[in-house]
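> Okay, here's the prediction I keep looking at, along with the sequence it came from:
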Amino acid sequence: MDAIPSSPAQIYRNMLILEESLRNQYIEMKTRRLKYTLFCAGLILWTGYFYYGVFIWYSIYTYVHLFHQLCLTIGVVTSLLYYLSGMYSKTMVYPRKFLSNTNKGIRQFNMRLVVTESSATALIVRPSIRFLRVALFKFWYLKLVMLPKAFNTEFREGWELYRQEYWEKENERRAARASGRVLCACIASG
């Protein structure tokens, strides 16, 4: 019965695969946005520093002034190319709109993607700005939620139970694999 495509177990499995895929895309978008935010901040600092060196603090040495002009030109041209080539919208705008675009796409399936943030995220991740891939995977949790108008309560509860059981087994498997690595490392070093 579980092998036919319309059985609840197969549907839950496919939804779990979809949820994991969307979670990976979300993490990728967040890390991409962080990386290019740092790039833009560095570019602004670069351009601002050399603007100061060219127009405000004018050097009496010709070569230093020419170097500042060259670096300012490089900063301005890089900024223009970054924006005009469409990289700004690809790296900064689209990641910000990922959830809304995704929810528009899966609305036809009567589902919604919801970000839940644990209290550990608010205490640990935000103040220290540790938005690395590992930190995002551990603390930002995306859930695929079924809208109640299209699915009955039994089916929704079955989905939540299936997802919970899957993650319990997955966490046990990861813990066993991690303890196996530690054991192997102890044996190798001993």
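Perfect, thanks for sending it.
> Which residue of this protein lies farthest from its centroid?
The outermost residue of the chain relative to its centre, with distances by CA atoms, centre = their mean, is I60 at 47.6 Å.
> The helix or strand hosting C71 - what's its average pLDDT?
Assigned by DSSP states H and E, C71 belongs to helix 62-84. Over the span of helix 62-84, the pLDDT mean works out to 96.
> What helices and strands are in contact with that helix?
Secondary-structure packing of helix 62-84 (3 or more CB pairs under 8 Å, 6 or more residues apart in numbering; DSSP states H and E): helix 8-51. In this view, the C-beta of every residue, glycine as well, is placed from N, C-alpha and C.
> Kindly state the beta-bridge partners for the residue nearest to T102 when sequence neighbours are not counted.
Using CB to CB, 6 or more residues apart in numbering and skipping the chain neighbours, the partner closest in space to T102 is L113 (5.3 Å). Beta bridges link L113 to L144, judged by DSSP bridges.
> Look at L113 and report its pLDDT.
pLDDT, read off for L113, is 92.
> what's the answer for S189, then?
On pLDDT, S189 comes in at 55.
> what do you get for F55?
93.
> and it, how many neighbours?
Summarising burial for F55: neighbours were counted as other CB atoms under 10 Å, giving 11.
> what's the answer for K30, then?
19.
> State the distance from it to H65.
42 Å (CB to CB, to the nearest Å).
> Y82 too?
Separation of Y82 from H65 (CB to CB) stands at 26 Å.
> one step back: show me which residues of the helix holding C71 are buried.
H68, C71, L72, G75, S79, Y82 (16 or more other CB atoms under 10 Å).
> Kindly report the same for stretch 8-26.
Neighbour-count burial for stretch 8-26 [16+ other CB under 10 Å]: Y12, M15, L16, E19, L22, R23, Y26.
> Leaving aside the residues adjacent along the chain, what's closest to T37?
Nearest non-adjacent residue to T37, counting by CB to CB, 6+ apart: M92, 7.2 Å away.
> Doesn't that neighbour belong to a helix?
Yes: under DSSP: H, G, I helix; E, B strand; the rest coil, M92 sits within a helix.
> I'd guessed it sits against L34; true?
No: if you go by CB atoms under 8 Å, M92 and L34 don't touch, sitting 10.4 Å apart.
> List the contacts of the closest residue to M15 other than its chain neighbours.
Closest residue to M15 apart from its sequence neighbours, by CB to CB, 6+ apart: L144 at 5.9 Å. Taking CB atoms under 8 Å, 6 or more residues apart in numbering, we find L144 in contact with M15, L18, E19, L22, I106, M111, R112, L113.
> 10 Å instead, please
Residues in contact with L144 (CB atoms under 10 Å, 6 or more residues apart in numbering) are 15-16, 18-20, 22-23, 106, 109, 111-114, 159, 163.
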